[in-house]
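> turn this into a structure:
(chains A, B, C and D)
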2 protein chains.
Amino acid sequence: MNVLEKIVSSVNNFSKSERKVADVILANPQMTIHSSIAALAKMADVSEPTVNRFCRRLDTKGFPDFKLHLAQSLANGTPYVNRHVEEEDGPEAYTAKIFESTMAALDTARQRVDINAINRAVDVLTQAKKISFFGLGASASVAHDAQNKFFRFNVPVVCFDDIVMQRMSAINSSDGDVVVCISHTGRTKNLCDIAAIARENDATVIGITAYDSPLARECTLVLSLDVPEDTDMYMPMASRVAQLVLIDILATGFTLRRGSKFRENLKKVKDSLRGSRFDKKDLNN
Amino acid sequence: MNVLEKIVSSVNNFSKSERKVADVILANPQMTIHSSIAALAKMADVSEPTVNRFCRRLDTKGFPDFKLHLAQSLANGTPYVNRHVEEEDGPEAYTAKIFESTMAALDTARQRVDINAINRAVDVLTQAKKISFFGLGASASVAHDAQNKFFRFNVPVVCFDDIVMQRMSAINSSDGDVVVCISHTGRTKNLCDIAAIARENDATVIGITAYDSPLARECTLVLSLDVPEDTDMYMPMASRVAQLVLIDILATGFTLRRGSKFRENLKKVKDSLRGSRFDKKDLNN
DNA sequence: ACTGTTTTGTAATAAAATTACATAATATAG
DNA sequence: CTATATTATGTAATTTTATTACAAAACAGT
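So this is what the prediction gives:
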């Protein structure tokens, strides 16, 4: 928890004067880090030692140390203490909040992700005869994105967002095939079935899903993200971004494992797109 | 550019003593922010005013101000100085780098995004008779995701990743229709055509694309992100995540504009999914 | 080797933060 | 409802820290 959040959360434990200090700081934290203790005391209409005590109450060594912490809290612009979008938020507020909450979600994802599982997944993917990406609803677009990436590697890759197609594909899978099932909750019944079917047919099933979910239990290997989601919006947002980044990581691991010669290939794929595009230089036609 | 980077880049402009100071700071920046000017001077084996002059050379007001800037540079954990994935990187390294570069990309996107344009886009979307999302290649999955979100709002929304369908759809569009064209480069010829056709038929065309690109010129309203992309990987990664977040922002703006009663509706949509899922509590079946 | 310039250090000064202590406010028990 | 204990706050002294002014040293160009 950063100092700014700390101030907000412990606003009730403050004394009357300390509260005055808190108010001034919260009103303009940017100014605070450029003020002396005397200036701040004057602004809050309290004495200098009160400010000092305020700092210590927040587990900092003193005023200069407090400013250091505050500066770090403010490093990424002026973060909203409450990142949840609220009814009254204007465009500026909700834009900032969504960027921030997404970044925060990625940060927790990074901390929680299991590197070993990623490494094993990359292992499995590089050795796959065929790779299938399955997702439903919001996760379908993640599956599509994965297909787009792995397709560039010139490996057999398919992607279905239709349960019937998924089912047929799963039934036809065999040893050496890799099926990647994507579901944030891990409780989508149809996808659990698909995973089970694929496994019965000796495919390796990788789940990008919640740890200890029904889907997770059907998988050979689980990549869980456990990202906090703002449920107020009733839409998957941060979770899906984290899934995409995970796909990026798997794709990157794949290319690295294949070595530099393989990267040449990727460049070719990218260059192949040139014909469909306007020239970068000559933009005036 | 943050102070830490500034020190590295201007290391040649330093005098002998200033360089000594720079070395000590770079060797242990974390310690620097908790040191006094005297301690740092001693460590660098220079005089205190030399340290002070060093700070001023970096456009800070003095030593305390310098520490503040340094603290901000260090705020985001210990970032890899080079966020680009390299051949020798192991799973741990490339995982961290991709998370970090994505977060960094979102941060620049947040700073550069045009709030007014977002607000106008939300305006246009809330008043749309019909919304169409068009993307090709990697951007197709972004379009799909957008469809998934806006579909929940119970507004007529379509999404095509097929140029023929896009073309037909664009030709059939009319006044009051909104077409959202998604392309990172903004140079995909086919999509430029689609945008032009849609506009000729009086549709409002929103472009999620690069500023001043051929596609941007065909649009009524441009939402540009200008996110730095790691071209070494030959795959769109950060740019696409930024696009998704932008979609989230537009969707959020949409729901807020519609008011709280509308949000009830969203909850219903979410609840409707329950039948397709295993119960959250009863996970042992 | 001399002269002007830049760099660096020493010592004095100024600014800022902290401590110790005193006073005021508030709460608690009788 | 008063006396007393406790906590909160302010004043003034002290200490720490940073800055300035100036002098000495190092250096570059002639």
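
> where does the residue nearest in space to the middle of chain A land on pLDDT?
By C-alpha atoms, centre = their mean, chain A has its centre lying nearest to residue A:106, at 2.8 Å. Per-residue confidence (pLDDT) for residue A:106: 89.

> so it sits against residue B:99, correct?
Yes. Counting by C-beta atoms under 8 Å, residue B:99 is a contact partner of residue A:106 at 5.8 Å. All C-beta atoms are positioned from the backbone trio N, CA, C, and that covers glycine.

> which residues do the two both contact?
Here residue A:106 and residue B:99 have residue A:245 as joint contacts, going by C-beta atoms under 8 Å, 6 or more residues apart in numbering or on different chains.

> kindly export stretch A:51-62 (C-alpha atoms) in PDB.
The C-alpha coordinates for stretch A:51-62 follow below in PDB (Å, rounded to 0.1, in the frame of the first residue of the first chain):
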ATOM      1  CA  VAL A  51       3.500  17.500  10.700                       C
ATOM      2  CA  ASN A  52       6.500  15.600  11.700                       C
ATOM      3  CA  ARG A  53       4.400  13.400  14.000                       C
ATOM      4  CA  PHE A  54       2.000  12.900  11.200                       C
ATOM      5  CA  CYS A  55       4.800  11.500   9.100                       C
ATOM      6  CA  ARG A  56       6.000   9.200  11.700                       C
ATOM      7  CA  ARG A  57       2.500   7.900  12.300                       C
ATOM      8  CA  LEU A  58       2.600   6.700   8.700                       C
ATOM      9  CA  ASP A  59       5.700   4.700   9.400                       C
ATOM     10  CA  THR A  60       8.200   7.000   7.700                       C
ATOM     11  CA  LYS A  61      11.300   8.200   9.400                       C
ATOM     12  CA  GLY A  62      10.300  11.900   9.200                       C
END
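
> which positions within it qualify as buried?
Residues A:51, A:52, A:53, A:54, A:55, A:57, A:58, A:60 are the ones in stretch A:51-62 that count as buried (16 or more other C-beta atoms under 10 Å in any protein chain shown).

> doesn't residue A:49 make contact with the fifth one?
No. Look at residue A:55 against residue A:49 with C-beta under 8 Å: they stay out of range, at 10.4 Å.

> hang on, residue A:242 packs against residue A:106?
Yes. The pair residue A:242 / residue A:106 is scored as a contact, 6.1 Å apart, by C-beta under 8 Å.

> residues that sit against both of the two, list them.
By C-beta under 8 Å, 6+ apart, the residues touching both residue A:242 and residue A:106 are residue A:227.

> for the nearest residue to residue A:278 once chain neighbours are set aside, give me phi and psi.
Distances taken as C-beta to C-beta, 6 or more residues apart in numbering or on different chains place residue B:187 nearest to residue A:278, at 4.3 Å, with adjacent residues excluded. In terms of degrees, to the nearest 10, the main-chain angles of residue B:187 are phi -120, psi 10.

> again with residue A:183
phi -160, psi 120.

> OK, contacts around it?
Per C-beta under 8 Å, 6+ apart, neighbours of residue A:183: A:135, A:136, A:139, A:191, A:207, A:208, A:209, A:210, A:213, A:215.

> how far is stretch A:132-145 from where the chain is centred?
Mean-position distance between stretch A:132-145 and its chain equals 17 Å (C-alpha atoms, centre = their mean, to the nearest Å).

> tell me the secondary structure for the closest residue to chain B within chain A?
Minimum separation of chain A from chain B (C-beta to the nearest C-beta) falls at residue A:75, amounting to 3.3 Å. Under DSSP: H, G, I helix; E, B strand; the rest coil, residue A:75 falls in the coil class.

> and residue A:211, by the same measure?
Under the three-state scheme (three-state DSSP), residue A:211 adopts coil.

> which phi and psi does the residue of chain A positioned farthest from its centre have?
Largest separation from the mean C-alpha position in chain A: residue A:47, at 44.2 Å (C-alpha atoms, centre = their mean). With angles defined as degrees, to the nearest 10, residue A:47 sits at phi -90, psi 160.

> repeat for residue A:133
phi -110, psi 120.

> so it touches residue A:147, yeah?
Yes. With contacts counted by C-beta under 8 Å, residue A:133 reaches residue A:147, the gap being 5.4 Å.

> which residues do the two both contact?
A:157, A:158, A:159.

> neighbours of the last one, just the number please.
Residues lying near residue A:159 (other C-beta atoms under 10 Å in any protein chain shown) number 24.

> what's around the residue lying closest to residue A:178 once chain neighbours are set aside, how many residues?
Counting by C-beta to C-beta, 6+ apart, residue A:178 lies nearest to residue A:128, which is 4.0 Å off, once chain neighbours are set aside. Using other C-beta under 10 Å, residue A:128 has 22 other residues around it.

> wait, is residue A:128 part of a helix?
No. Secondary structure of residue A:128 (three-state DSSP): coil, not part of a helix.

> surely it is in contact with residue A:174?
No. With contact defined as C-beta under 8 Å, residue A:128 does not count as touching residue A:174 (11.5 Å).

> point me to the residue of the stretch 1-150 of chain A nearest DNA strand C.
Of all residues in the stretch 1-150 of chain A, residue A:62 sits closest to DNA strand C, at 1.9 Å by C-beta to the nearest atom of the strand.
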